[in-house]
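# Sequence and predicted structure, then a few things I'm wondering about:
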Amino acid sequence: MKKIAFTLALFALLLFATAGVNADQLADIKAAGKIVVGSDTTYPPFEFRDESGNIIGFDVDFAKELASRLGVTAEIKSVVWDTIIPQLKNGEFDIIISAMTITEERSQEIDFSIPYYNSTQAILVYKGNPWNIQDENDLDQEGLKVGVQIGTTSDIWATQNLKKATIVRLDTFDALFPKMNLKELDVILGDLPVVAYAAKQGTVNGEVVASFGTPEQFGVGVRKGETNLLNAINTAIKDMLADGTYDKIFADWFGTIGEGGETGETGFLSFNVPTIAVGFLFVAIAVPLIRRRQ
């Protein structure tokens, strides 16, 4: 009798565990009526806080539209970038929308949606460019202090390519700007629209001198195995692209109509531009953003 009871208890435990593994997160989200989005809200113009403390940005509007197409509302949860993937895996929120580049290393830990944004890296130097930095080949100099946000693709690039320069790694991207203003950093590496926005707004006493690297594609991050949720997100992104809603959100923040497809081959906005065009990009990015924040 004890053996039968033990066997039944073990079977029930295994059944419960299996049910947890096979749980449908999409169904849970729909039942809750909301999807919780993890985002590092220190990265304007993608996700940041306005003067009233509200979380705004391109990714925020994108997340809200995505949630609407899933039949729920979006709740943005502000998290630290360096722990954002572990927090997703631990179930502290449902998905990541945070200007996250799709990489092979990250794809081993989480799944990604189809790309929804193309970007590239850029070099922000102190105003006047005292080190005469022209491109990424000028960065590996003794005494040059290069700032990056820890755990980002900029950090990865700097670690792999800069052997002489001093790399300064900070937890949040916006913490790099005061360091440059105090001349404690000579260079900041980051996504072009982000550093361009900061320079144009006067947040940092710097200027963009070049973009570099291959285009990086941003994706929505979900936990491994959540096929139903991932498929629903991909369908929503495709629909947003097809009906023009994505273009409207893009134009609101960047002043340019985006182009793109499932593979992201054409890109929604090509930021891989020569230095001479950066000034024009400033205007395209900054004007609608200044209007938006007023």
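Yep, it's here. Being a predicted model, the structure only gives us computed values, none of them experimental.

# tell me the mean pLDDT for the longest strand seen in the chain?
What stands out as the longest strand in the chain, according to DSSP state E, is strand 206-218. On average, the pLDDT along strand 206-218 is 92.

# And for stretch 73-81?
Rounded mean pLDDT across stretch 73-81 is 97.

# Just the buried positions in it, please.
For stretch 73-81, a neighbour-count test (16 or more other Cβ atoms under 10 Å) marks 74, 76, 79, 81 as buried. Quick note: C-beta positions are derived from backbone N, CA and C, even for glycine.

# What sits closest to the residue nearest the centre of the chain if chain neighbours are left out?
Residue closest to the average C-alpha location in the chain (Cα atoms, centre = their mean): A99, at 1.2 Å. Using Cβ to Cβ, 6 or more residues apart in numbering and skipping residues adjacent in sequence, the residue nearest A99 is F46, 4.2 Å away.

# if I read this right, that neighbour contacts G57, doesn't it?
Yes. Between F46 and G57 there is a contact under Cβ atoms under 8 Å: 4.9 Å.

# Among those two, which residue is more densely surrounded?
F46 (28 against 25; other Cβ atoms under 10 Å).

# Let me see the contact set for that one.
F46 makes contact with 57-59, 98-99, 193-194 under the criterion Cβ atoms under 8 Å, 6 or more residues apart in numbering.

# T73 now?
Applying Cβ under 8 Å, 6+ apart to T73 gives the contacts 33-35, 64, 67.

# Kindly indicate which of the buried residues of stretch 73-81 lies nearest N132.
Distance to N132, by Cβ to Cβ, is smallest for W81 among the buried residues of stretch 73-81, at 31.2 Å.

# what sits against that closest one?
By Cβ under 8 Å, 6+ apart, the residues touching W81 are 40, 42, 98, 149-152, 171-173.

# Out of the contacts of T73, list just those in strands.
Judged by DSSP E, those include 34-35 as members of strands.

# Out of the contacts of T73, who's the most crowded?
For the contacts of T73, neighbours were counted using other Cβ under 10 Å, and I35 has the most, 26 neighbours in all.

# in the stretch 51-200 of the chain, which spans are strands?
With DSSP state E, counting those that start in this stretch applied, the stretch 51-200 of the chain shows strands at 55-56, 73-78, 95-96, 111-112, 117-126, 145-149, 166-170, 187-191, listed in chain order.
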